[in-house]
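Colleague: Got a predicted model here, sequence first, then my questions.
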Amino acid sequence: MDAILKKKLRRIPVLGIFEGGLWKTRGFQEPIYVGDPINALRVFNEKEADEILLMGFRQTLHGRGLPRQMLSNLAGEAQMPLGYGGGIAHLDEVKWLMDTGFEKVVFNTALGIQPALIEGSAALMGSSSVVVSLDYRRNANGLRTCFTHSGTVPLGMELSEAAVFAGGLGAGELVVHHIEGDGLYTGYDSSALDLLASTTDLPMVLAGGCRGKLDFSDESLAAASGLAASSCFVFYGRHKAVLIHYP
């Protein structure tokens, strides 16, 4: 099974960017500065990372995406497929990202307030380039409820309902992001894959809770199309020293 996992599952670093720096959170809170995103990209180039997702940290809350010059610089540095999400509000921004070299755009908040933008992006770029991040928490009854606006606003849908809705808008891939696991090394929520298997056939990338090599060889995750993570790519060792690496 390990060979199958290595063949199918992409290992995807997620780089959270805010005010020009690289930041890491715990449960979408407690941001910690961990360095320069350009330097991080150079390391991942050397390590031949499968793919990178650049996420503008809380950009939707600020009403804008990351500066275009910064995004252009990052796209010019990357030697692997690159996706971006955070504060995308208009189709011309999507076109600019595509023309600049981004292979994918990632939406979350648009699912709740601007679903037509997801539809338009799928028509413009093709569904394979449109990703919807389903950020969720488990409520007191164990139901997985989805949130937008960097985990601050309830979407009003549970996870499987949101997955079907995103697929209907033209999304070609889902990031299934467990907010409560973010930065805590608790392991991926593998049972979310079983929940969604009966409702959608979209490729699913798990995020939130990665334990590093332990999860990259976990047979229970084989149904995913990729494993996205942040902490296990930027912190190293028992004392969690900042060290960009690619296990």
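Modeller: That came through, no problem.

Colleague: Any stretches of the chain with poor pLDDT?
Modeller: 1-8, 59-63 (pLDDT under 70).

Colleague: Now do the helices in it.
Modeller: 2-8, 37-46, 59-62, 68-77, 91-100, 110-113, 115-125, 159-169, 191-197, 213-216, 231-234 (DSSP state H).

Colleague: Of the ones you listed, which stretch is the most buried?
Modeller: Comparing the helices of the chain by mean neighbour count (mean count of other C-beta atoms under 10 Å), helix 231-234 ranks first with a mean of 24. The C-beta positions use only the backbone N, C-alpha and C, and glycine is treated the same way.

Colleague: neighbours of Gly87, just the number please.
Modeller: 17 (other C-beta atoms under 10 Å).

Colleague: Distance of it relative to Glu219?
Modeller: Distance of Gly87 to Glu219, computed by C-beta to C-beta, to the nearest Å: 37 Å.

Colleague: So for Val14, which of the helices of the chain sits nearest?
Modeller: helix 231-234 (8.1 Å; C-beta to C-beta).

Colleague: Okay, Arg58 and Asn108: tell me how far apart.
Modeller: Taking C-beta to C-beta, one finds Arg58 at 11 Å from Asn108.

Colleague: what about those two, which has more around it?
Modeller: Neighbours per residue (other C-beta under 10 Å) separate Arg58 from Asn108, with Asn108 holding more: 26 against 19.

Colleague: I'd like to check which residues are in contact with Pro81.
Modeller: Going by C-beta atoms under 8 Å, 6 or more residues apart in numbering, Pro81 touches Asp50, Glu51, Ile52, Glu103, Lys104.

Colleague: meant to ask about Trp23
Modeller: Applying C-beta under 8 Å, 6+ apart, the residues near Trp23 are Gly16, Ile17, Pro31, Ile32, Tyr33, Val34, Phe57.

Colleague: Would you mind checking those for buried ones?
Modeller: Gly16, Ile17, Pro31, Ile32, Val34, Phe57 (16 or more other C-beta atoms under 10 Å).

Colleague: quick one: which of those is nearest Gly183?
Modeller: The closest of these, once distances to Gly183 are taken by C-beta to C-beta, is Ile32, at 8.7 Å.

Colleague: The closest one: what's its closest spatial neighbour, skipping adjacent residues?
Modeller: Using C-beta to C-beta, 6 or more residues apart in numbering and skipping residues adjacent in sequence, the residue nearest Ile32 is Lys24, 5.1 Å away.

Colleague: Any idea how many residues pack against that neighbour?
Modeller: 23.

Colleague: same question, the one 4 residues further on
Modeller: The tally of other residues near Phe28 (other C-beta under 10 Å) stands at 21.

Colleague: I'd guessed Pro37 sits against Phe18; true?
Modeller: No. Between Pro37 and Phe18 there is no contact, the gap being 10.0 Å when judged by C-beta atoms under 8 Å.
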